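>>> pasted the sequence and its predicted model underneath.
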There are 2 protein chains.
Amino acid sequence: DIQMTSFESIMEFSQFKKNPQGLLPVIVQHYQTGEVLMLAYMNEEAFNQTVKTGRMTYYSRSRQKLWLKGETSGHFQYVKSLTIDCDLDTLLAKVDQVGAACHTGNPTCFFQPIVGSDNNEKSPVQVFEHVYQTI
Amino acid sequence: DIQMTSFESIMEFSQFKKNPQGLLPVIVQHYQTGEVLMLAYMNEEAFNQTVKTGRMTYYSRSRQKLWLKGETSGHFQYVKSLTIDCDLDTLLAKVDQVGAACHTGNPTCFFQPIVGSDNNEKSPVQVFEHVYQTI
């Protein structure tokens, strides 16, 4: 697979609407599977580094410093595309993920269902009830 | 299709880690296509209403009030699943979206690419370069 290593952005960070902490939330999605991997935050330096290097770089709110994702784990995220939303306050990044996105070792940070399930629309009981109500 | 209209959550809102504004960011994804539709925010009342009614309900930061998505447009979002992330500070909602998610009429709020493109991995030029480097 070919990794793009340098991009240009058609918008500058100053054009985005930041949250009260001056950061831009970034939704990170696997470019092939569509799986949502994590939510992270960027400051201007993180955004510019991401665009320049093609590797997702965030601002760590806990450590209060720049955070090149994968720097210690090797689990880099290579940029495939960046898309800004309608009101310019959230970024969607499609990435090629090396290894696991989550520090727990899970492929995604979203592994704890609290309501419903991914397969609830296929539940045999529901299908039965639907058929039952129809006949 | 069968819409679930009432759920129970195995976690309470008080267990989540809120942002400095006391809100929980929610990534909203179409349950079938995997398309990321929007990012919104919940307070405790919004979360409880969402779980109780099966319709995505947010806290509008601009209007500073509860916001039942689709209340004026009819573009409701029916909950399929809610998943909390590893550090309990972000929710992923898989939904069945009625109509367009975005107030602009676009299916998703993410329609403005600023870097790369969704199809850059399928670019004929890239495929050619890959083949060229191989031979």
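Thanks, I have the structure now.
>>> and A:Phe7, what pLDDT?
Looking at A:Phe7, its pLDDT reads 80.
>>> hang on, I meant A:Gln3
Reading off the model, A:Gln3 has pLDDT 61.
>>> over to A:Arg61?
For A:Arg61, the predicted pLDDT is 96.
>>> what sits against the closest residue to it other than its chain neighbours?
Computed as C-beta to C-beta, 6 or more residues apart in numbering or on different chains, the closest residue to A:Arg61 that is not its neighbour in sequence is A:Tyr41, at 6.1 Å. Every C-beta, even on glycine, is put in place using the N, C-alpha and C of the backbone. Taking C-beta atoms under 8 Å, 6 or more residues apart in numbering or on different chains, we find A:Tyr41 in contact with A:Asn19, A:Gln21, A:Leu23, A:Leu24, A:Pro25, A:Val26, A:Tyr58, A:Tyr59, A:Arg61.
>>> doesn't A:Lys52 belong to a helix?
Yes: assigned with DSSP: H, G, I helix; E, B strand; the rest coil, A:Lys52 falls within a helix.
>>> what is the neighbour count of it?
14 (other C-beta atoms under 10 Å in any protein chain shown).
>>> all helices in chain A, in order from the N-terminus.
A:44-53, A:124-134 (DSSP state H).
>>> contacting residues around the residue of chain A found nearest chain B?
Per C-beta to the nearest C-beta, A:Gly34 is where chain A lies closest to chain B, at 3.1 Å. Contact analysis of A:Gly34 by C-beta under 8 Å, 6+ apart lists B:Thr33, B:Gly34, B:Glu35.
>>> again, only using 7 Å
B:Gly34 (C-beta atoms under 7 Å, 6 or more residues apart in numbering or on different chains).
>>> do the top strand by length along chain A and chain B come into contact?
What stands out as the longest strand in chain A, according to DSSP state E, is strand A:77-85. Yes: using C-beta under 7 Å from any C-beta of the partner chain, strand A:77-85 reaches chain B at A:Val79, A:Lys80, A:Ser81, A:Leu82, A:Thr83, A:Ile84, A:Asp85.
>>> so what's the closest residue to A:Ser60 other than its chain neighbours up against?
Distance criterion C-beta to C-beta, 6+ apart; nearest residue to A:Ser60, sequence neighbours excluded, is A:Trp67 at 4.0 Å. A:Trp67 makes contacts with A:Thr57, A:Tyr58, A:Tyr59, A:Ser60, as judged by C-beta under 7 Å, 6+ apart.
>>> now with 10 Å?
Each residue near A:Trp67 by C-beta atoms under 10 Å, 6 or more residues apart in numbering or on different chains is listed here: A:Ala40, A:Tyr41, A:Met42, A:Ala46, A:Met56, A:Thr57, A:Tyr58, A:Tyr59, A:Ser60, A:Arg61.
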